[in-house]
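> all I have is the shape, not the residue letters:
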């Protein structure tokens, strides 16, 4: 695989997406709507996570939770990885199964996991999801990998919940990402001044309101494309000025172009 290449592979499991990449790309701060579990198989990277700055090298598992603000940069010239993205409903079902009648975890507790045997099982899982492996083997690996990923001991310091004022402002964006929204609109919704909502929003979410709006539009575009919408339609319906604007935002955050993402769902 050439440096800088991102490739989405066909997945045999509904609600699970598979991506492989080799890249020196430095990702801007962004979020996913899905859970992610991946494996660095060459090189190394450093990244922001919900637990602070972390580093991962070849053989380490990397994880991300829905709406967890993170970025990523290579340590050196490039790194290579494979990753599976799980829709929250899929992860919730698997988590409940492995929790054995309890509610299960709502998030993966560690952004980097150093466990060679778990890494080997993830390799086998990735092959089973993207290859021609037997269904029973794939199901076994799914439950096993999720169980051990969720079983990692959680850190003690949990992030504080967002203030109610920020929740109201964030909801205004989440309810209609395609809408034109001003800082005055967010201030009115939150009951704060424009400067207060700007500062509080960034502190609580890790994004400025505009950056959060663009991220929300990328999420909406991703859902539309996965549902079969054309690229121009997805750009228009998710609030981007045009298709090229959507493409720049998509690539900046995910490495993949919207076209490559669409081909992965065709």
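Yep, it's here. Computed from a predicted model, the values in this text were never measured in an experiment.
> how about residue 79: which residues does it bridge to?
Per DSSP bridges, the residues bridged to residue 79 are residue 23, residue 43.
> I'd say it and residue 43 touch.
Yes - if you go by C-beta atoms under 8 Å, residue 79 and residue 43 touch, sitting 3.1 Å apart. Backbone N, C-alpha and C define where each C-beta goes, glycine included.
> of those two, who's got more company?
Using other C-beta atoms under 10 Å, the more surrounded residue of residue 79 and residue 43 is residue 79, with 24 against 19.
> residue contacts, that one?
Residue 79 sits next to 22-24, 40, 42-45 when contact means C-beta atoms under 8 Å, 6 or more residues apart in numbering.
> apply 10 Å and report the result again.
Contact partners of residue 79, counting by C-beta atoms under 10 Å, 6 or more residues apart in numbering, are 21-25, 40-46, 56-58, 72-73.
> what of residue 65?
Per C-beta under 10 Å, 6+ apart, neighbours of residue 65: 31-32, 34-36, 49-50, 88, 91, 105-109, 111.
> try it again at 7 Å.
By C-beta atoms under 7 Å, 6 or more residues apart in numbering, the contact set of residue 65 is 35, 50, 107-108.
> also residue 202?
residue 208.
> thought residue 252 was touching residue 28?
Yes - contact status for residue 252 versus residue 28: in contact at 5.1 Å, counting by C-beta atoms under 7 Å.
> these two: which has the busier surroundings?
residue 252 (16 against 13).
> and the gap between that one and residue 91?
25 Å (C-beta to C-beta, to the nearest Å).
> from memory residue 187 sits against residue 199, does it?
No - Residue 187 lies out of contact with residue 199 (C-beta under 7 Å); the separation is 11.4 Å.
> which of those two has more residues huddled nearby?
Between residue 187 and residue 199, residue 187 has the larger neighbour count (other C-beta under 10 Å), namely 19 against 13.
> coming back round to it: where's the dip in pLDDT among the contacts of residue 65?
Among the contacts of residue 65, residue 50 has the lowest pLDDT, at 84.
> buried residues, the helix or strand where residue 124 lies. List them.
Residue 124 is located in helix 116-130, with elements delineated by DSSP states H and E. Across helix 116-130, burial judged by 16 or more other C-beta atoms under 10 Å covers 118-119, 121-122, 124-130.
> from the residues you listed, which is closest to residue 195?
Of all these, residue 122 has the smallest distance to residue 195: 45.5 Å, by C-beta to C-beta.
> quick check: bridge partners of the nearest residue to the closest one once chain neighbours are set aside?
Nearest residue to residue 122, sequence neighbours excluded (C-beta to C-beta, 6 or more residues apart in numbering): residue 39, at 5.2 Å. Residue 39 forms beta bridges with residue 61, residue 82, as assigned by DSSP bridges.
> and the helices in the stretch 1-150 of the chain?
Along the stretch 1-150 of the chain, the segments classed as helices by DSSP state H, counting those that start in this stretch run 88-98, 116-130, 135-151.
> dump these to a markdown table, plus mean pLDDT and distance to residue 16.
As requested, those are exported to a markdown table (pLDDT from 0 to 100; distance: least, C-beta to C-beta, whole Å):
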| stretch | mean pLDDT | distance to residue 16 |
| --- | --- | --- |
| helix 88-98 | 90 | 6 |
| helix 116-130 | 95 | 6 |
| helix 135-151 | 90 | 8 |
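> wait, which of these is closest to residue 236?
helix 88-98 (26.7 Å).
> same question for that closest one: list its buried residues.
88, 90-92, 94-95, 98.
> can you check stretch 208-228 too?
In terms of neighbour count (16+ other C-beta under 10 Å), stretch 208-228 has its buried residues at 209, 211-222, 224-225.
> that older thread, ok, the residue nearest to residue 122 touching residue 63?
No - counting by C-beta under 7 Å, residue 39 stays clear of residue 63, with 10.4 Å between them.
> residue contacts, the residue nearest to residue 122?
By C-beta under 7 Å, 6+ apart, the contact list for residue 39 reads 61, 81-82, 119, 122-123.
> sorry, back to before: buried ones from the contacts of residue 79, can you make that a ChimeraX selection?
With 16+ other C-beta under 10 Å as the burial test, the buried ones among those are selected in ChimeraX as follows:
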select :21,22,23,25,40,41,43,45,56,72
